[in-house]
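>>> Sequence first, predicted coordinates after that:
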Amino acid sequence: MPSRIEDYALLGDRDTAALVGRDGSIDWLCLPRFDSPACFAALLGSPEHGRWKIAPIGGPREVRRRYRDGTLVLETDFETATGMVTLIDTMHARGVASDLVRLVVGRSGVVEMRMHLVIRFDYGSIVPWVQRFDAGITAIAGPDLLVLRTPVPLRGKNYTARADFVVAEGEQVPFVLSWSPSHLPIPEPVDAAAVIADATRSWQAWCGECRYRGAWAEAVNRSLVTLRALSYAPTGGIVAAVTTSLPEQLGGRRNWDYRYCWLRDATFTLQALMDSGYIEGAQAWRDWLLRAIAGKPSQIQIMYGLAGERQLNEWEIPWLPGYEGAAPVRVGNAAAKQSQLDVYGEVMDMLHQAVKAGLAASDAAWRLQCALVGHLEAIWNQPDDGIWEVRGGPRHFTHSKVMCWVAFDRAVRMAEENRLDAPIKHWRQVRQQIHDDVCRNGFDPERGAFVQSYGSKHLDASLLLLPLVGFLPPEDPRVRGTVEAIERELLVDGFVQRYDTGHGVDGLPPGEGAFLACSFWLADNFVLLGRHDDARRLFERLLALRNDVGLLAEEYDPRARRQVGNFPQAFSHVAIINTAHNLTRAVGPAQQRAADD
């Protein structure tokens, strides 16, 4: 049985990532990239599907853990009846090789420890060929090679590697698991303590560039480090999460692969990075985006692979039972082929915000933007699948239409502010046409609120974005009415659900947790409405949902009081950063996006 989702911590080297539980077990690891098949898949199955555990024999009496400040170097203290040890974990990328480093440090007394390694390639289905050599063992299966180096004697049993050892105060015992392509020579050894020291310096140097100085600096810094860990260094793309199929509903079928790059996240991610002082990271993200969507505007997708790949075909893994039985386990994401009109607005807004923040304007980017709005003019009035990637059929989703308005609004602003050649008058006319259409068809006078889709009576938390993107001012009675309706009908224990899943709009069985980013959007609306005390209270409640090392999943189940969904979730951590800025600064991200300069 895997740990609770919130019991995991993240390790990463900006090529891939691992999840390690409070019990010292790494239950999820994909090599060499985030989207590669897992070699540790116990998270979605059982220990027999791959894991690597280092822990005291008999279990610890107490466990304490933390990241080193401003880093992704994890320290876990195991206290036993005979002493205490610290397990230090980090990851390290070096060319074609990648290292997962674990160092056991004796703090007091003498502690008997056990290491148990189960390597299963291809999502837990392939038992590798294991051989001994003078420094440890090698494991090969097809294209993959793993090498475990340690001074501790290893023994094999039932296709696993085991070791019992003793650590006294002042002693250090290293374990280094290195991956490389199997056709290349075995990677050269690395010094575990040196890798940990280097990772600490590198992470802290990057984190030191953050210019946020508000009351929530710890939460902002941890979220920024998490976003950096979710970014793929070779291309600049940012994955939504490092996992697949962690359920949005415990025991249910709402299980998706999030190891890809969503265009929708671009605006929020870019804003979070730029507001925090990371222009270089924003530049890399913009460059990735332009490469990914380059081509025919009608072929734009809502998500891409790490390097801009378009084929993200979805399939199911029958041999993995899923996290706590939540099946099926999915690889790939069929939503990549959906029509979601809001991405045009997200892309246009992102590129506008980037130039406003000081990134150099690009002729190529402007030509692409003109092509995008040209195509959008022909399709904005068509139904689509909406922001939540529902699988219940296309509709005229109100949020989608609003983001079509955003696309033309940002095109007009971009052209005016930078004196670019463009049909500004015509774009203004289309912008007004869309605005009138949304206000006429997306607003329900009887309810006094905007609704999920044209002709619907249902609410949707995405409507909280209307004032945040500048569609209407926050004091507009229609905006106030929408916020109040969402507070009445979509809150569960004070947290915001995306929509009422009982109405069948998404083509799936009802039930899921509260979507955390939506709750942050509500806090942002409170700021815009002058309800600063309400905003702070909600923000503090949301921060309290983070686990002991500051991480959030996609959703929170207020009934089970557990985090649910893929983990850690970039969108949740972007929302932490943006809301912290909104609460701290006179003009925060919400005001910046909505401003009509």
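Looks like it came in fine. Numbering: from 1, shown residues only.
>>> end to end, how far does stretch 353-362 reach?
13 Å (Cα to Cα, to the nearest Å).
>>> Not counting sequence-adjacent ones, nearest residue to residue 122?
residue 37 (4.6 Å; Cβ to Cβ, 6 or more residues apart in numbering). (Glycine included, C-beta is placed from N, CA and C.)
>>> Could you tell me how many residues sit around that neighbour?
20 (other Cβ atoms under 10 Å).
>>> what are the phi and psi angles of it?
When read as degrees, to the nearest 10, the backbone of residue 37 gives phi -60, psi 140.
>>> All further residue positions should be reported with the first residue as 51.
Fine by me, first position is 51 from now on; the one you just mentioned is residue 87.
>>> Distance of it relative to residue 168?
If you measure residue 87 against residue 168 using Cβ to Cβ, to the nearest Å, the figure is 15 Å.
>>> Pull out the buried positions in stretch 234-249.
For stretch 234-249, burial by neighbour count (16 or more other Cβ atoms under 10 Å) applies to 237, 240, 242, 245, 246, 249.
>>> Inside helices: which ones of those?
In this view, the buried residues of stretch 234-249 that belong to helices under DSSP state H are 242, 245, 246, 249.
>>> Could you work out the most separated pair of these?
242 and 249 (10.7 Å; Cβ to Cβ).
>>> sorry, back to before: now the buried residues of stretch 234-249 in CSV, with distance to residue 369 and pLDDT?
Output for these, formatted as CSV (distance: Cβ to Cβ, whole Å; pLDDT from 0 to 100):
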residue, distance to residue 369, pLDDT
237, 30, 94
240, 34, 96
242, 34, 98
245, 34, 98
246, 35, 98
249, 34, 97
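>>> quick one: which of these is nearest to residue 353?
Relative to residue 353, and with distances defined as Cβ to Cβ, the nearest of the buried residues of stretch 234-249 is residue 249, at 29.7 Å.
>>> Tell me the spacing between the closest one and residue 144.
12 Å.
>>> Next: residue 394.
For residue 394, the distance to residue 144 - Cβ to Cβ - is 40 Å.
>>> more neighbours, the two?
The residue with more neighbours, out of residue 394 and residue 144, is residue 394; 27 against 14, by other Cβ under 10 Å.
>>> from the chain's centre, how far out does the helix or strand where that one lies sit?
Element membership of residue 394, judged by DSSP states H and E, is helix 392-406. The gap between where helix 392-406 is centred and where its chain is centred comes out at 20 Å by Cα atoms, centre = their mean, to the nearest Å.
>>> for the helix or strand just after that helix, which positions count as buried?
Next in sequence after helix 392-406, counting helices and strands by DSSP H and E, comes helix 413-429. Buried positions in helix 413-429, judged by neighbour count with 16+ other Cβ under 10 Å: 415, 416, 418, 419, 420, 422, 423, 425, 426, 427.
>>> Contact partners for the last one?
For residue 427, the residues meeting the contact criterion (Cβ atoms under 8 Å, 6 or more residues apart in numbering) are residue 480.
>>> Kindly report the same for the one 10 residues further on.
Contact criterion Cβ under 8 Å, 6+ apart gives 314, 390, 392, 447, 449, 450, 512 as the residues in contact with residue 437.
>>> for residue 360, same thing?
Remark: with contacts taken as Cβ under 8 Å, 6+ apart, residue 360 is in contact with 351, 354, 386.
>>> thought the second one was touching residue 310?
Yep, that's residue 354 we're talking about. Yes. Counting by Cβ atoms under 8 Å, residue 354 does reach residue 310; the two are 6.7 Å apart.
>>> Find residues that contact each of these two.
Shared contacts of residue 354 and residue 310 (Cβ under 8 Å, 6+ apart): 362, 386.
>>> Just name the shakiest helix or strand of this protein by mean pLDDT.
The helix or strand of the chain with the poorest confidence is helix 639-644; it has a mean of 63 (mean pLDDT, DSSP states H and E).
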